[in-house]
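Generate coordinates for the sequence data below:
(one chain, ligands or ions: 1)
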Amino acid sequence: MSEDRTFDLVIAANRLPVDRETHDDGSVTWRRSPGGLVTAMESVMRGREGAWIGWSGNPGDAPEPFHQDDMYLHPVPLTEREVGDYYEGFSNGSLWPLYHDVIVPATFKRRWRAAYETVNRRFAEAAATITATGGTVWVQDYQLQEMPAMLRELRPDVRIGWFNHIPFPPVELFMQLPRREDLLLGLLGADFLGFQRKPDADNFLRACRQLLDVSVEGDEVRLPDGRIARAAAVPISIDTSALAELATTPQVQERAAEIRRQLGDPEHLLLGVDRLDYTKGIRHRLKAMGELYAEGALDPRTVKLIQVATPSRERLAAYQQIRGEVERTVGQINGDYSPIGATAVTYLHRSFPREEMAAMFVAADVMLVTPLRDGMNLVAKEYVACHGDDGAMVLSEFTGAALELEQAHLCNPHDIARLKDTIIRAIESPIADRERRMRTMRRQVMTNDVQRWAELFLAALAAAPERPAQ
Ligand code: ADQ
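Next up is the predicted model:
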């Protein structure tokens with residue numbers, strides 16, 4: 001593979017930040033996919049020569065590299081079988097459950113692992129070809145944990161960073177992974193490793209100390225060849241001011257009022273927004289709500305819940321199962337308690353434009369964020385950015401967001417009795433209390449936005465193994 005252009009800053013992520021659209025006349029265009037990562041990169045790439053390496057989302061031959069929104073996009077091909085083995089298999093059947101406290105059992109197959117290695121090498125080779133001498137490569141997430149060391153071997157001149165969007169598990173769980181040392185050594189090819197929370201970085205450092213022949217001091221790992229890699233927390237965030245601005249537009253405000261009218265102007269509107277994933281605690285949330293309706297603690301005529309559950313990883317059995325359970329439970333709650341013409345739970349299994357999401361956040365009196373484990377959870381931050389001072393949020397202790405949004409009503413979603421109490425407490429909290437909590441949380445999210453996250457990460461990467469001057 002020869003490339004005539006090279007770039008100072010290269011992002012490598014499983015997916016390119018665009019989705020392919022095929023039109024009626026057969027022509028193909030690319031639409032920017034929504035998401036904080038793309039927004040964050042826009043701000044750090046401004047004024048730099050930036051490129052992005054990733055899969056296009058369609059199996060088979062990769063399209064030629066192209067420019068979009070001032071970024072050079074370099075597609076990496078995946079065969080149909082690699083999508084099954086590397087992406088659905090090892091990434092989402094082995095690593096995802098293992099890194100999320102084995103809420104469902106992790107499955108290990110040697111074939112999946114081999115494909116993961118092959119694909120990681122392909123990404124490393126692509127990055128090696130398009131990165132300028134002395135340039136920076138920022139690798140994203142759990143699908144590319146072997147890429148840093150592979151890239152270092154090809155291009156020792158390049159500065160390599162890796163950021164983990166999901167939790168890093170305690171060593172007792174991580175140890176279950178076959179050939180676990182190879183994964184750690186793959187990561188240690190990076191100069192700087194960023195995690196959502198300090199406990200995640202600590203878990204990684206502990207795994208290195210326990211499973212590898214390296215010395216770990218503070219947040220630094222010294223490899224046998226003398227090289228040092230640093231691991232620390234750099235919590236991700238959202239494009240706060242853009243979202244807050246969107247939420248105050250007359251269109252979004254009017255749409256929020258309309259949503260409430262459509263639901264019969266409830267006294268209390270509760271909202272859940274999640275990818276339909278077993279880690280998100282949707283079943284626990286519904287269980288609590290069902291019991292509160294059953295006991296008469298909440299009146300289904302005046303207290304409504306909207307649950308958005310975005311379709312996700314639909315070919316995997318565990319995801320088909322959680323979808324079935326969630327849909328059955330919603331059906332049961334509505335069958336048992338909904339008045340005619342105004343269901344207690346409005347269930348939405350599809351994607352929405354940003355404006356509609358913002359309108360839902362503006363409309364909801366209480367946000368329910370109850371994952372069993374979540375790296376960060378951006379939805380919690382989005383609600384804080386969008387909703388006025390009169391909002392309230394129930395937030396699981398098992399999210400990265402809980403470490404930053406301490407004024408939320410924190411809960412353990414496994415403890416259904418307490419979860420119910422917490423939901424009631426949030427609903428009944430007096431306005432002065434709500435205002436105090438929401439203001440503090442908004443300050444947090446305004447100060448620590450996604451642009452700042454990207455800047456902090458890149459500063460830490462540039463300075464590694466030293467700490468950057470703050
Ligand atoms: P996710 O598990 O996908 O991300 P989350 O952080 O909540 O979880 O991000 C989901 C995003 O999708 C939010 O921006 C949300 O608004 C949006 N979204 C959800 N449903 C939608 C719908 N129906 N239509 C349109 N948009 C929708 C992973 C990790 C998280 C970590 C992020 C970022 O699992 O822990 O916070 O990466 O690092």
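
F168 contacts F195, correct?
Yes. At 5.9 Å, F168 counts as touching F195 under the criterion of C-beta atoms under 8 Å. (C-beta placed from N, C-alpha, C; glycine too.)

what do the two both touch?
201, 204 (C-beta atoms under 8 Å, 6 or more residues apart in numbering).

how about whichever residue of the stretch 51-200 of the chain sits closest to the ligand, what does it touch?
Nearest to the ligand in the stretch 51-200 of the chain, going by C-beta to the nearest ligand atom, is H165, at a distance of 3.5 Å. With contact taken as C-beta under 8 Å, 6+ apart, H165 is in contact with 140-142, 196, 236, 375-376.

I'd like to know which of the residues you listed is nearest to L348.
The shortest approach to L348 among these belongs to M376, at 22.7 Å (C-beta to C-beta).

Tally up the residues packed near the closest residue to the closest one other than its chain neighbours, please.
Spatial nearest neighbour of M376, chain neighbours left out: G400 (3.8 Å); criterion: C-beta to C-beta, 6 or more residues apart in numbering. Residues within reach of G400, counting by other C-beta atoms under 10 Å, total 26.

Pretty sure G400 sits against V379.
No. Taking contacts as C-beta under 8 Å, G400 lies outside contact range of V379: 12.0 Å.

Wait, K420 touches E291, no?
Yes. K420 is within contact range of E291, at 6.1 Å (criterion: C-beta under 8 Å).

So between those two, which is more surrounded?
K420 (19 against 16).

Give the buried residues for whatever helix or strand the more buried one lives in.
Following DSSP states H and E, one finds K420 within helix 416-428. Applying a neighbour-count criterion of 16 or more other C-beta atoms under 10 Å, one finds 419-424, 426-427 buried in helix 416-428.

go on, stretch 361-370?
361-370.

confidence score at D69?
For D69, the model assigns a pLDDT of 80.

Let's see the pLDDT reported for S429.
So, for S429, pLDDT stands at 98.

Residue numbers of this structure in contact with the ligand?
Within reach of the ligand by C-beta under 6 Å from any ligand atom, the chain has these residues: 165-166, 236, 273, 275, 308, 310, 351-352, 357, 374-379, 382.

Over to L73: give its phi and psi.
phi -110, psi 130 (degrees, to the nearest 10).

Starting from the ligand, give me the distance back to the residue nearest to T240 when sequence neighbours are not counted.
Spatial nearest neighbour of T240, excluding adjacent residues (C-beta to C-beta, 6+ apart): D449 at 4.2 Å. D449 sits 13 Å away from the ligand, going by C-beta to the nearest ligand atom, to the nearest Å.

D449 reaches I236, doesn't it?
No. With contacts counted by C-beta under 8 Å, D449 stays clear of I236, the gap being 10.0 Å.

For the closest residue to S338 other than its chain neighbours, grab the count of nearby residues.
Nearest non-adjacent residue to S338, counting by C-beta to C-beta, 6+ apart: A344, 4.7 Å away. For A344, the tally of surrounding residues (other C-beta under 10 Å) stands at 25.

my read: A344 touches Y337, true?
Yes. Counting by C-beta under 8 Å, A344 touches Y337, with 5.1 Å between them.

which residues do these two both contact?
Common neighbours of A344 and Y337 (C-beta under 8 Å, 6+ apart) are 293, 300.

related to what we said a few turns ago, could I get the contacting residues of the residue nearest to S338?
A344 sits in contact with 293, 300, 303-305, 333-334, 337-338, where contact means C-beta under 8 Å, 6+ apart.

thought M438 was touching C386?
No. Using C-beta under 8 Å, M438 makes no contact with C386, being 11.0 Å away.

quick one, which of the two is more surrounded?
Per other C-beta under 10 Å, whichever of M438 and C386 has more neighbours is C386, with 27 against 21.

what sits against the more buried one?
Residues counted as contacts of C386 (C-beta under 8 Å, 6+ apart) are 243-244, 246-247, 358, 361-362.

Most neighbours among these, which one is it?
A358 (28 neighbours).

Quick one: residues contacting that residue.
Neighbours of A358 in contact, by C-beta under 8 Å, 6+ apart: 243, 246-247, 252, 382, 386.

Also T131?
Applying C-beta under 8 Å, 6+ apart, the residues near T131 are 6-7, 10, 137, 155, 158.

returning to what we had before: what two of the buried residues of stretch 361-370 are the furthest from one another?
Greatest spatial distance in the buried residues of stretch 361-370: V362 and T370, 20.9 Å, computed using C-beta to C-beta.

Against G296, how distant is the residue located most distally from the centre of the chain?
For the chain, the largest distance from the centre (C-alpha atoms, centre = their mean) belongs to I340, which lies 37.4 Å off. Distance, I340 to G296, using C-beta to C-beta, to the nearest Å: 19 Å.

Give me the residues contacting the least confident helix or strand in the chain by mean pLDDT.
The least trusted helix or strand in the chain, going by mean pLDDT, DSSP states H and E, turns out to be helix 36-45, with a mean of 74. Residues outside helix 36-45 that contact it (C-beta under 8 Å, 6+ apart): 9, 11, 13, 17, 32, 50, 52, 69-71, 140, 236-239, 242, 378, 450-451, 453-455, 458.
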